[in-house]
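Enquirer: heads up, no residue letters with this:
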Ligand SMILES: C[S@@+](CC[C@H](N)C(=O)[O-])C[C@H]1O[C@@H](n2cnc3c(N)ncnc32)[C@H](O)[C@@H]1O
């Protein structure tokens with residue numbers, strides 16, 4: 001074993017993977033938790049139209065364990081944004097140092113193992129909730145991305161890794177950085193079973209759509225079209241079957257390698273799909289029409305791993321501000337657009353979406369916005385512990401989650417609601433978290 005950081009490291013002698021002292025696979029042995037989810041009607045919103053939407057208050061570990069019986073194999077997407085272990089004290093715990101050792105030197109690596117101990121059983125439990133064609137997406141930054149990736153390889157299997165997305169979260173700033181201004185963070189994407197995952201696609205963006213400017217007699221069925229060169233520009237991969245002469249409107253014949261076979265070209269001419277056009281120097285060009293709708297569905301694009309033009313952190317703050325009269329009751333909420341992008345990837349618009357580090361409830365708003373935009377009927381389950389905020393109007397983070405979603409539903413007059421429930425255990429309204437780091 002190559003051991004580093006006080007016993008934490010990558011094991012190579014008996015298989016390959018992440019090890020740390022005391023590591024064990026826990027999900028199988030986590031006993032049914034003492035306690036139960038109890039309905040919280042006073043905090044529900046429009047329960048008769050909840051249609052599966054739920055906001056659950058409490059530590060996500062016993063709640064995930066309790067959801068096993070009901071939701072095993074039923075969740076289509078899990079998105080989580082756990083504490084990144086930055087060492088900062090936010091309104092929620094993001095520091096997995098041992099509070100008792102704060103004044104003394106803590107064994108190097110211990111805070112990483114404490115964070116992994118928190119994440120490991122939750123990820124194991126979460127995986128069992130996923131459908132075969134489901135995605136698991138987790139936001140993370142440089143503090144733990146390397147450990148989390150190894151952990152996810154272990155829990156999901158390396159073969160189920162789909163992508164490591166790089167999201168540009170800031171634009172500008174950071175000019176006081178001593179070395180680098182870190183502009184990005186990551187979203188790790190895993191499949192429950194990559195073989196069952198359908199192709200992932202995204203809608204065209206506004207700039208791509210705006211290129212479809214022409215109309216013809218097929219407009220009602222296929223929408224507007226744009227034209228593209230009919231020349232095949234692949235000198236590295238010549239195809240003799242695509243080489244033939246095309247007669248141009250001026251009577252000349254142009255011999256080249258074209259995109260379609262000759263018989264299909266003639267069919268295209270008969271159907272009005274081939275366009276002859278002169279460029280500025282009056283040379284004849286051969287082009288074909290590409291319609292916005294293809295096979296009755298709109299064209300899509302292959303998602304890229306670099307998310308440079310997606311909404312950034314500042315958008316997340318202003319979206320939350322807009323719902324809370326200018327105040328930001330939560331640090332660094334994710335922008336709705338980022339989570340909507342994850343929802344758009346998968347063709348199924350009716351999935352159950354789970355976020356068990358729900359924070360301000362951005363995932364709930366993203367589900368509602370995406371449904372409103374594409375007519376889907378996705379539902380959400382959000383889990384957030386009742387971390388006190390010190391704010392009289394919104395006394396806990398779980399109250400914030402509910403209030404944000406409730407305000408969004410009222411603002412948009414959506415016909416949706418949610419059921420609220422809380423974890424009740426031994427007279428407390430939530431079980432103590434097993435992440436023992438300092439609370440901010
Ligand atoms: C980084 S924030 C998530 C922010 C969220 N994505 C948003 O846009 O608002 C992490 C959240 O997880 C919550 N959390 C941390 N540990 C938890 C636990 N064991 N159970 C439930 N929630 C927890 C924290 O209170 C915090 O609200």
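Expert: Thanks, I have it. Keep in mind it's a predicted model, so treat the numbers as computed, not measured. Numbering: from 1, shown residues only.

Enquirer: how about low-confidence regions in the stretch 101-250 of the chain?
Expert: 101-108 (pLDDT under 70).

Enquirer: now the helices: where do they sit in it?
Expert: Per DSSP state H, counting those that start in this stretch, the stretch 101-250 of the chain carries helices over the ranges 110-129, 145-156, 206-209, 219-222.

Enquirer: for the closest residue to the ligand within the stretch 251-400 of the chain, what are its contacts?
Expert: Relative to the ligand, the nearest point of the stretch 251-400 of the chain is residue 359 (2.5 Å; CB to the nearest ligand atom). Placement of C-beta: from N, CA and C, glycine included. By CB atoms under 8 Å, 6 or more residues apart in numbering, the contact set of residue 359 is 81, 92, 330, 333, 334, 384, 397, 400, 401.

Enquirer: Equivalent analysis for residue 336, please.
Expert: With CB under 8 Å, 6+ apart, residue 336 has these contacts: 311, 315, 316, 319, 362, 365, 366, 369.

Enquirer: okay, now the nearest residue to it once chain neighbours are set aside: neighbour count?
Expert: Using CB to CB, 6 or more residues apart in numbering and skipping the chain neighbours, the partner closest in space to residue 336 is residue 366 (4.9 Å). With neighbours defined by other CB atoms under 10 Å, the count for residue 366 comes to 28.

Enquirer: and residue 366, what pLDDT?
Expert: Predicted confidence (pLDDT) for residue 366: 98.

Enquirer: Just the contacts of residue 359: which are in strands?
Expert: residue 384 (DSSP state E).

Enquirer: Output the set of residues of the stretch 51-200 of the chain in proximity to the ligand.
Expert: Within the stretch 51-200 of the chain, the positions adjacent to the ligand are 59, 60, 81, 82, 83, 92 by CB under 6 Å from any ligand atom.

Enquirer: Show me which pair in the residues you listed is furthest apart.
Expert: 59 and 81 (16.5 Å; CB to CB).

Enquirer: Name the residues that touch the lengthiest strand in the chain?
Expert: Ranked by number of residues, the top strand in the chain under DSSP E is strand 130-140. Strand 130-140 has contacts (CB under 8 Å, 6+ apart) with 73-82, 84, 126-127, 148, 152, 156, 162, 167, 185-193, 196-198, 334, 342, 345-346, 348, 351.

Enquirer: chain center to it, what's the gap?
Expert: 8 Å (CA atoms, centre = their mean, to the nearest Å).

Enquirer: all strands of the stretch 251-400 of the chain, in order?
Expert: 253-257, 274-278, 284-291, 293-294, 297-298, 300-301, 306-307, 352-355, 379-384 (DSSP state E, counting those that start in this stretch).

Enquirer: out of the contacts of strand 130-140, which are buried?
Expert: 75-82, 84, 126-127, 148, 152, 156, 162, 167, 185-192, 197, 334, 342, 345-346, 351 (16 or more other CB atoms under 10 Å).

Enquirer: Show the end-to-end separation of stretch 249-262, please.
Expert: Using CA to CA, to the nearest Å, the span of stretch 249-262 from its first residue to its last is 17 Å.

Enquirer: Oops, could you answer that again for stretch 247-262 instead?
Expert: 12 Å.

Enquirer: same deal with stretch 53-65?
Expert: Span of stretch 53-65 from end to end, CA to CA: 19 Å.
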